[in-house]
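S.K.: Below: sequence and its predicted model.
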Amino acid sequence: MNPATRALGVTGPSSKIIAWCGACLKRSGSVYMLGAAGGHADYAGNEVDALALNVATPRWTQLRGPTPNADIINDTQFYLDHRPSSTHTYYSTQFIENLNRMMVFSSPGISGDIFPPAPANFPYKSDKADRRSFSFDLATGDWDPPDYVAQFPGTGGQYANLCVKHPMTSDVYYSKSGGAWYRWASATNTWTQLSGATRNTWFAGAAIDPRRNRMLIVGSYSPIAPEVRTLDGARVPADFTGLGASALALAGYPAVIYDEAIDRYLVAFNSGPSIKILRVHPETWLVDDPAVGGMAPAARRNGLQNAMQYVPELRGFVLANKYDGNVFFVRTAT
């Protein structure tokens, strides 16, 4: 995952894992991916890294290197070469199967005095709002032009917004903190406001259960009870039993996935020195603590975001918790 030429930034390429960044999964072929991950003054590299899991010996590969340092500029969504500015991706990295593209939705880009300023009237400055998204085309091995993805039409906060993909349709459900509730349709590349549902701060992990077309939302800037919502943002009453709602009242950027093989949600979060997994029944809302073999991975610095990804072909989940460590896979069904 080390680029041949290190991009600018005070922390360096380890920021791709530790600087509030998640990941995505290409379901066909079981490829774990991340790109344009870093943000603020931590790291400006926008390289794309991929890990094919469905092979005998998985190895990270770099699908595209970073933008040259000479083209990196401050407070913009795109650099001088019109490729994306690195960002804290939080939950916004999603793989869109029907387009064969990794996308990073509506993210602001780098911001730090160590980077040179953008030219006057540069069209992609962050003060023009973070309405554009980034898309990487696996067929060409390069980022698409800045306006490939329709611009987000809503308003709200820039950071750690609700962003969750339907695993069957690749439609993305999105709400900025303090904004409204939208769907981006992958088939038409269009945004539609579905409701005015929102929260003052999201900072939450979420996953969609495609059998019932509803989602579990866990976490916030401060610990709050979990929520269940429909795809248009309406609240669904849920009485969490077993360990109860208090076990899911989390901050610190938890991860949530829906495991299609076992029909359960799985929630991962930092718990002291390691990462803990809880399981949630999508009908009874029973919360329990499943037995997990092996040694638990070390806590992931600055949270998990959506770095935990369900891998349907392998019937389990994958998680990268350290830049210089192994990637973990847990099989959840035989």
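M.R.: Cool, got the structure. Numbers count the residues shown, from 1 in each chain.
S.K.: Look up the closest residue to residue 81, ignoring the ones flanking it.
M.R.: residue 71 (4.6 Å; Cβ to Cβ, 6 or more residues apart in numbering). Every C-beta, even on glycine, is put in place using the N, C-alpha and C of the backbone.
S.K.: Over to residue 251?
M.R.: Leaving aside its sequence neighbours, residue 251 sits nearest to residue 223 (Cβ to Cβ, 6+ apart; 4.9 Å).
S.K.: Kindly provide the distance from that neighbour to residue 98.
M.R.: Distance, residue 223 to residue 98, using Cβ to Cβ, to the nearest Å: 37 Å.
S.K.: swap in residue 199?
M.R.: Distance from residue 199 to residue 98, by Cβ to Cβ: 30 Å.
S.K.: Show me which of the two is the more surrounded one.
M.R.: Using other Cβ atoms under 10 Å, the more surrounded residue of residue 199 and residue 98 is residue 199, with 18 against 10.
S.K.: Ramachandran coordinates for the closest residue in space to the more buried one that isn't next to it in sequence?
M.R.: Sequence neighbours aside, residue 177 is the residue nearest to residue 199 in space, at 6.5 Å (criterion: Cβ to Cβ, 6+ apart). The phi/psi pair for residue 177 (degrees, to the nearest 10) reads phi -60, psi 120.
S.K.: Quick check, residue 177 in contact with residue 202.
M.R.: Yes - using Cβ atoms under 8 Å, residue 177 is in contact with residue 202, at 5.1 Å.
S.K.: For the helix or strand encompassing residue 329, list every residue counted as buried.
M.R.: Assigned by DSSP states H and E, residue 329 belongs to strand 327-331. Neighbour-count burial for strand 327-331, counted by 16 or more other Cβ atoms under 10 Å, picks out 327-328, 330.
S.K.: and which of the residues you listed is nearest to residue 296?
M.R.: Nearest to residue 296 among the buried residues of strand 327-331, counting by Cβ to Cβ, is residue 328 at 9.1 Å.
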